[in-house]
Every structure is written in C-alpha cells, then in structure tokens.
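Novice: Any chance you can model this:
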Amino acid sequence: MGKKYDNVIESLDKLKEYSLDDAIRLLKEKKYVKFDETVDIAVNLGVDPRKSDQMVRGFVVLPHGTGKVVRVLVFAKGEKEKEAQMAGADYFGADEYVEKIQKGWLDFDKAVATPDMMGLVGKLGKILGPRGLMPNPKTGTVTFDITKAVKEIKAGKVDYKVEKAGIVHLPVGKLSFDEGKLIDNIKTAVDSIVRSKPVASKGRYLRKITISSTMGPGLQIDLGSVISTKI
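Specialist: Next up is the predicted model:
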C-alpha cells in the first residue's frame, strides 16, 4: 500500500491487544492521508454461519451516527409516500422508481418499503439483493412505520450480517470524530452484536475485535475495554 503505510505498520506491535482508547488514539496519530477516513470494526464470532440457527444478523442505531450522508429511497404510495417525504426521505414513490432501477439507476444508499409494496419491489431482487439494498423486515426496512425507519437510517442506523468466515464488519464513524463519540459508537455496536447471539452458539461467542481506518492498520482490541465480561 506504499511506504507511508509500511512505516505505520512497522511502528506498531501486531500481536498486542490495545485498549479501545489507545487504539483510537493510535489510529488518529498514525493518520497519513488527507481525507476523513471511515473507522470500521471487525468482530470475530464463535459461530458457524453455514448453519441457519447460528446466523447473526441485525441492526444498530449508532448514538453519534456514521458521519456519512445517507440517501434513502422509500417505496410507498398514497399517504405513506407523503409520510416518507415528511420524514426526510430523499426519494419516494413506487412504479417509477422500479422502472428507473431496472434501467440502471442506483443513486441511493438504503431502501425502505411498506409491506404492500414488496410484490412490486420483489422484481428488483436480482439487482438490489447482491448490493445489500433490498428492503428486509429483519432489518426494519419493510414496515408501515416509515417515519421511524427513515429517521433511524438518517440518524446512523447500520445493518450487519455475519460473513462466511464468522466475522461481522461494520462502520462506526469517522476518524475526525471525538474519541468519546467513537467509543460510544463502538460499544453500542458490540452490545448489539452480543444481544444478537444465537441460542445455538456454544462456547466463547466474542473471539476477537479489530479496529481500523480506511487507509490505516488493523489493531486488535482488548475485549475487556469494550465489554465487562468475555462472552
């Protein structure tokens, strides 16, 4: 990734578990790019995602948001379309947006739909599904409570789903955030993942947490600095 990145890596202890405070401080100190990097966490879990009863999936509303402006599309008609507009959705409608998406338009980050729209939205499964844009009742994006859904997304709602390797990745803010805000966001995110623990998961659930910025190194976090007990 370049000499600057190599220099940063060489200055760190790859085997050390850093406290959450120290890790955030180091990411800020070692920053070498001009843009405001996104901070991500990777949470290794003791689950087998190949088994349906060990799937970990959910969402969390970060208390200080993600630092990103999220464009929301709402599939709705009538009064619910008006509700979407009042709630702050960027785009709202039905058939016209299905047609636009079928023609290649994808200038939005999240999609919400009222349940009665899913027959129509289902036509877009092959387009939206692989991109993680398909409305889903499990993530609260198929609902008649459009106001709540839109406001949560705008406020910093992040969906997560465990990957094949048993890892959950999710953004937790920007590197420019105050340290306290990043800590709040990370602890809230980890708490949500802990509460999503499948009943079928046996043994140690939280295995490892790594924090990184867009262009920065990955730092392993001491679990005790994020949660009170190892789960």
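
Novice: For the nearest residue to Ser201 once chain neighbours are set aside, which three-state class applies?
Specialist: Spatial nearest neighbour of Ser201, excluding adjacent residues (C-beta to C-beta, 6 or more residues apart in numbering): Val47 at 5.0 Å. From N, CA and C alone the C-beta is placed, and that goes for glycine too. Secondary structure assignment for Val47 (DSSP: H, G, I helix; E, B strand; the rest coil): coil.

Novice: ok now do Val47, which residues does it touch?
Specialist: By C-beta atoms under 8 Å, 6 or more residues apart in numbering, the residues touching Val47 are 54-56, 162, 166, 198, 201, 205.

Novice: Report the separation between it and Glu163.
Specialist: To Glu163, Val47 is 11 Å away according to C-beta to C-beta, to the nearest Å.

Novice: The closest residue in space to Val168 that isn't next to it in sequence: neighbouring residues, count only.
Specialist: Spatial nearest neighbour of Val168, excluding adjacent residues (C-beta to C-beta, 6+ apart): Val43 at 4.5 Å. For Val43, the neighbour count with other C-beta atoms under 10 Å is 24.

Novice: give me the beta-bridge partners of Val43?
Specialist: Here Val43 sits in beta bridges with Val168, Ile209, going by DSSP bridges.

Novice: Mind checking what helix or strand follows the least confident helix or strand in the chain by mean pLDDT in sequence?
Specialist: When the helices and strands of the chain are scored by mean pLDDT, DSSP states H and E, helix 3-10 comes last with a mean of 59. Using DSSP states H and E, the helix or strand that follows helix 3-10 towards the C-terminus is helix 20-29.

Novice: CA atoms only for that next one, dumped as PDB, please.
Specialist: Extracted C-alpha coordinates of helix 20-29, given in PDB (Å, rounded to 0.1, in the frame of the first residue of the first chain):
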ATOM      1  CA  LEU A  20     -10.100   0.800  22.900                       C
ATOM      2  CA  ASP A  21      -8.900   4.200  24.000                       C
ATOM      3  CA  ASP A  22      -5.300   3.500  22.900                       C
ATOM      4  CA  ALA A  23      -6.300   2.000  19.600                       C
ATOM      5  CA  ILE A  24      -8.400   5.000  18.600                       C
ATOM      6  CA  ARG A  25      -5.600   7.400  19.700                       C
ATOM      7  CA  LEU A  26      -3.100   5.400  17.600                       C
ATOM      8  CA  LEU A  27      -5.300   5.500  14.500                       C
ATOM      9  CA  LYS A  28      -5.500   9.200  14.900                       C
ATOM     10  CA  GLU A  29      -1.800   9.700  15.400                       C
END
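
Novice: i'd like the first residue to be 8 from this point on
Specialist: With the count now opening at 8, the last piece we talked about shows up as helix 27-36.

Novice: returning to that earlier point: for Lys158, see how far away the residue nearest to Ser208 is.
Specialist: 31 Å.

Novice: next one: Phe115
Specialist: From Phe115 to Lys158 the distance is 16 Å (C-beta to C-beta).

Novice: Can you show me the helices along this structure?
Specialist: Remark: helices assigned in the chain by DSSP state H are 10-17, 27-36, 86-94, 102-109, 125-128, 132-135, 153-162, 186-202.

Novice: ok, Lys130 to Phe82 distance?
Specialist: For Lys130, the distance to Phe82 (C-beta to C-beta) stands at 11 Å.
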